[in-house]
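Participant: sequence plus predicted model, see below.
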Amino acid sequence: MLTCDRLVLQQGLFSLTANVGFEVGLVTALIGPSGAGKSTLLAAIAGFLQPSSGRLLWDGTNLTDAAPGARPVSVLFQDNNLFPHLSTAQNVGLGLRPDLKLDGAQHSQVGAALADVGLDGFADRKPSALSGGQQSRVALARVLVADRPIVLLDEPFAALGPALKDEMLDLVRSKLKTAGKTIIMVTHDPSDARRIADQAALVADGTVAQPVATDSLLDNPPPALAAYLG
Amino acid sequence: MAHSAVPVTARWPSAAAAALVLVLTLGTLVAVAWRAEWGGGLAPADWAAIRFTVIQALLSALISIVLAIPVARALARRQFRGRQVLITLLGAPFLLPVIVAVLGLLAVFGRGGIVNDAVTALGLEPISIFGLHGVVLAHVFFNMPLAIRFLLQGWLAIPAERFRLAASLNAPVGRLLEWPMLRSVVPSTFLVIFLICLTSFAVALTMGGGPRATTVELAIYQAVRFDFDLGRAALLACVQFALCVAAAFLAWRVTGEDMMGAGLDRVVQRWDLRRPSIDYAMITCAALFLLLPLAMVVWRGLPGLFEMPTTIWLAASRSIVVAIGSAALCIAMALALALRGGAMVAVIGVLPLAASGLVVGTGAFLIVFPFVRPSDVALLVTMLVNATLALPFALRSIAPAVAQVQTDYGRLGASLNMTGWSWLRLVVLPRIRRPLGFATGLAAALSMGDLGVIALFAGQAEETLPLAMYRLMGAYQMETAASAALLLVTLSLALFWICDRGGRTNADM
């Protein structure tokens, strides 16, 4: 369980309170209006934003003061998920060793992960030689090889077309969830949430609500969500 | 405690670089002042030097800009073959060793030069190039191209739509568009050139001289070299520091980001152009003024290039070693400071602009004097001084690129747990290759052509190529000096080209 224990996040005048838990192995969607603080919560879990009070716990371990790289967390950002000057295999390899000094076993692990996301034979290409969807697959392969149980998706597929985005979301579910990762994703689109999220949490009015089953939240939206969904 | 959103790099490299810069700029000043025997304040001759320094810098900046305006305007609105080459060449004087340019200018305007040949053929008295007008002439030669590039950038920054609108309204383009642009670009350009001319040493040493044409930096040289009067040197260094800090502060506040300028290759379509002859005359005159002295160096230097004494080749090899060492040190410091970032680093980065190279050198000697013989470390000190003096330019090229990498990829690197060396090796260095190559080339070329602190302490065995050239000129061996000049300028530009090229080749972003 990933627990936000009376977590208070502040950025200037903006303030967000989170007192919620995320079940291990489930996909949770954070849904709510723009500027409500969905990405802010992800930044705090990833370690880029220090909470002004409260604790962040993973399986009882206190993560509140851990550096971003020391947390059991992989992040897919909105953009710049790949280093453009590194090859596909190197970008994936960074998930295993941040200094890229891979041994033979790790090289084959990278190859297997690339094959797993359908990029067999693309190991030596640079990101500029890949399509947008293929670039997303490389980033997913890196998350797959990394030994980090929590995955944060900060709308990494927003720039893709609808069909491609659905394809990526299905891939997240079939690969990452199957690998046992605990996934938290930000989304604007209720259909994204319905597509892959087991549960959804409303972020609105300065608070993060406890996650509930996705369909029940979207079928009977509370007033704040109803106003947003229109 | 907030986590940094970029991978954590070790603190000591930036601390060491900052400490080295502080020791070399301020520490050396203290070292000189400490050893000085203080006898009274500034002498009348010192006041004359201060006055001369400010006047020549004002005149140099003013004339450079007044001449640059019509040339920049012509380049901004005319398209012709060779335009891009000419604009690239305008960047070259920054890399040109001062002593080479001086030799070229002497070949054109000096006693036996082309201009005086024409003047005497008309039965008139030959003109002397030495003194205030010689110093200003050389400064204009160096800084007019800089001014042209700054102003050209200003012109090309005016959106094409504005010219279209002005044309459709039949409005005066000059008053409506060009005058406001000049009002914003000219002051910063003026200050930058003023600052560059303020600390000028080699030009004053060769073109000035005499009590009536001595800059503060030259007065420092004379105080150390001939009188070993450290008190006066320290006092003058403080004066120079104060002058430069004021000018540098103003200049840095009003200057834009990109000093070298990109995208100067477009021409804005204009509808208000009639007589192209004036524009082309301006461009031709400017090109002649800039290229003729260089052509003379090549012309006079080429015949004797392979008959130079061994000492010149030895001096050249010493210069190459110093240039490479200086560039490496400069880049290491710039990288360490750029990775740290912040306001303190910015201040330390511009500090060398206000320092006197000669005082830095003298102070460095005084610091190491108890331990080693000065001539033993002449080249090492020169290397240190050159690296420090080139730091502001290197930092200006590298720091924005490093900041961009940290903005774009800092979070990704941090979340992947990349640290220090991996982050530098795998991400930062590959992504800043172009500015890194450019800055390395710049630092190497500046060091290669530098005639400053080395003139104070070097004996025959520590001579660098610019110093050897200066001594040849002093001995009126002009043919050999011209050959040495040709070698020097070739080496400087080659060093720059190799480094800059290295940064561009296979740099896929």
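Facilitator: Right, received. Where do you want to start?
Participant: list the buried residues for the helix or strand containing residue B:231?
Facilitator: Assigning secondary structure by DSSP states H and E places residue B:231 in helix B:230-254. The neighbour-count check on helix B:230-254 (16 or more other CB atoms under 10 Å in any protein chain shown) flags B:230-237, B:239-241, B:243-244, B:247-252 as buried. Just so you know, the C-beta spots here come from the backbone N, C-alpha and C atoms, and that holds for glycine as well.
Participant: so residue B:486 makes contact with residue B:297?
Facilitator: Yes: when contacts are counted by CB atoms under 8 Å, residue B:486 is listed as touching residue B:297 (5.9 Å).
Participant: settle it for me: which of the two has more neighbours?
Facilitator: residue B:297 (25 against 22; other CB atoms under 10 Å in any protein chain shown).
Participant: which strands or helices does the helix or strand where residue A:5 lies pack on?
Facilitator: If you go by DSSP H and E, residue A:5 is part of strand A:2-11. Judged by 3 or more CB pairs under 8 Å, 6 or more residues apart in numbering or on different chains; DSSP states H and E, the packing partners of strand A:2-11 are strand A:14-22, helix A:38-46, strand A:53-58.
Participant: what's the end-to-end length of stretch A:92-102?
Facilitator: Taking CA to CA, to the nearest Å, stretch A:92-102 runs 11 Å from one end to the other.
Participant: name the residues that touch that stretch?
Facilitator: A:69, A:74, A:83, A:86, A:90, A:106-107, A:109-110, A:113-114, A:138, A:141-146, B:416-419, B:421-422, B:425-426 (CB atoms under 8 Å, 6 or more residues apart in numbering or on different chains).
Participant: closest point of chain A to chain B, which residue?
Facilitator: Ranked by CB to the nearest CB, the top residue of chain A for proximity to chain B is residue A:69, at 2.8 Å.
Participant: so how far is the next helix or strand after the helix holding residue B:231 off the chain centroid?
Facilitator: Per DSSP H and E, helix B:230-254 leads on to helix B:276-301 as the next helix or strand towards the C-terminus. Offset of helix B:276-301 from its chain centre (CA atoms, centre = their mean, to the nearest Å): 21 Å.
Participant: repeat that for stretch B:24-42.
Facilitator: 26 Å.
Participant: and the helices and strands packed on strand A:2-11, which is most packed in?
Facilitator: Compared across the helices and strands packed on strand A:2-11, helix A:38-46 shows the largest average neighbour count, a mean of 23 (mean count of other CB atoms under 10 Å in any protein chain shown).
Participant: what does the lowest-mean-pLDDT helix or strand in chain A rub up against?
Facilitator: Within chain A, no helix or strand scores below helix A:223-229, which has a mean of 87 by mean pLDDT, DSSP states H and E. Residues outside helix A:223-229 that contact it (CB under 8 Å, 6+ apart) are A:31-33, A:190, A:202, A:204-205, A:217-218, A:221.
Participant: in it, what's buried?
Facilitator: Going by neighbour count (16+ other CB under 10 Å), the buried part of helix A:223-229 is A:224-225, A:228.
Participant: equivalent analysis for stretch B:425-432, please.
Facilitator: Buried residues in stretch B:425-432, counted by 16+ other CB under 10 Å: B:426-428, B:430-432.
Participant: same check, this time on stretch B:84-99
Facilitator: Going by neighbour count (16+ other CB under 10 Å), the buried part of stretch B:84-99 is B:86-87, B:90, B:92-99.
Participant: just put these in JSON lines and tack on distance to residue A:3 and secondary structure.
Facilitator: Below are the buried residues of stretch B:84-99 laid out as JSON lines (distance: CB to CB, whole Å; DSSP: H, G, I helix; E, B strand; the rest coil):
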{"residue": "B:86", "distance to residue A:3": "67", "secondary structure": "helix"}
{"residue": "B:87", "distance to residue A:3": "62", "secondary structure": "helix"}
{"residue": "B:90", "distance to residue A:3": "63", "secondary structure": "helix"}
{"residue": "B:92", "distance to residue A:3": "64", "secondary structure": "helix"}
{"residue": "B:93", "distance to residue A:3": "65", "secondary structure": "helix"}
{"residue": "B:94", "distance to residue A:3": "60", "secondary structure": "helix"}
{"residue": "B:95", "distance to residue A:3": "61", "secondary structure": "coil"}
{"residue": "B:96", "distance to residue A:3": "66", "secondary structure": "coil"}
{"residue": "B:97", "distance to residue A:3": "67", "secondary structure": "coil"}
{"residue": "B:98", "distance to residue A:3": "68", "secondary structure": "helix"}
{"residue": "B:99", "distance to residue A:3": "71", "secondary structure": "helix"}
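Participant: that concludes my questions; thank you for your assistance.
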